[in-house]
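Visitor: Need a 3D model of the following:
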Amino acid sequence: MSHAETPRPSANVTLPSDCAIVITRTFAAARADVFDAWTTPARIADWWDPRGLPLAACEVDLRPGGAFRFVPQGSTTARAFSGQYREIVAPERLVFVTPGPSPGAHTVGTLVFDEHDGVTTLTITMAAASRADRDALLRHRVDLGTIQTLEHLAAHLAGGPAASADPSRRPPA
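Guide: Predicted coordinates for the structure are as follows:
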């Protein structure tokens with residue numbers, strides 16, 4: 001790597017307990033902007049899908065008890081990602097619950113946005129109901145999908161091409 005190049009931030013995945021997955025990544029953006037990108041439907045629709053496609057639908061009722069629903073496009077097998085917000089402390093913290101892998105179980109997602117000198121560290125904690133549920137999430141590659149999604153978020157925050165303007169991100173006709 002030459003001196004002119006800087007290392008590209010990447011996500012770090014850890015398993016701090018039997019039920020938790022923690023993914024941490026930094027962004028060269030203010031935390032208010034990163035938080036806004038996680039909570040504004042038009043912005044979420046641009047970067048959320050790990051495949052790089054804009055969402056077909058993005059619904060957000062940003063209040064404790066409010067629901068969200070993100071619907072991928074271009075695949076008949078892709079499921080909507082949906083849940084309910086539990087806690088919103090803009091621009092510091094976002095907590096939501098989603099259905100877990102086993103019937104009746106839930107996974108709690110906690111996002112913490114920490115800014116220092118214009119760089120935001122996002123820490124995502126996924127707390128599953130059991131070790132079996134955590135392991136099921138890992139078998140479904142939630143870690144890799146989240147890492148790819150965060151790459152799209154980084155491009156979005158850096159002012160990369162909007163999904164609708166980038167032909168490589170459009171679903172096939």
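Visitor: helices and strands around the helix ranked longest in the chain, which ones?
Guide: If you go by DSSP state H, the chain has its longest helix at helix 142-157. Judged by 3 or more Cβ pairs under 8 Å, 6 or more residues apart in numbering; DSSP states H and E, helix 142-157 is in contact with strand 20-27, helix 31-39, helix 41-47, strand 119-127. In this view, the C-beta of every residue, glycine as well, is placed from N, C-alpha and C.
Visitor: Give me the distance between the third one and the centre of its chain.
Guide: Yep, that's helix 41-47 we're talking about. 11 Å (Cα atoms, centre = their mean, to the nearest Å).
Visitor: buried set for whatever helix or strand comes next after that helix?
Guide: Using DSSP states H and E, the helix or strand that follows helix 41-47 in sequence is strand 57-60. Within strand 57-60, the residues scored as buried using 16 or more other Cβ atoms under 10 Å are Cys58, Val60.
Visitor: Show residues contacting the following helix or strand past strand 57-60.
Guide: On the C-terminal side of strand 57-60, the nearest following helix or strand under DSSP H and E is strand 67-71. Outside strand 67-71, the residues within contact range by Cβ atoms under 8 Å, 6 or more residues apart in numbering are 44-45, 48-49, 55-62, 80-85, 96.
Visitor: now stretch 40-47
Guide: With contacts defined as Cβ under 8 Å, 6+ apart, stretch 40-47 is touched by 36-38, 54-55, 57-60, 70, 149, 152-153, 155-156, 162-163.
Visitor: same question for the strand ranked longest in the chain, mean pLDDT?
Guide: Longest strand in the chain, counting residues (DSSP state E): strand 106-116. Averaged across strand 106-116, the pLDDT comes to 98.
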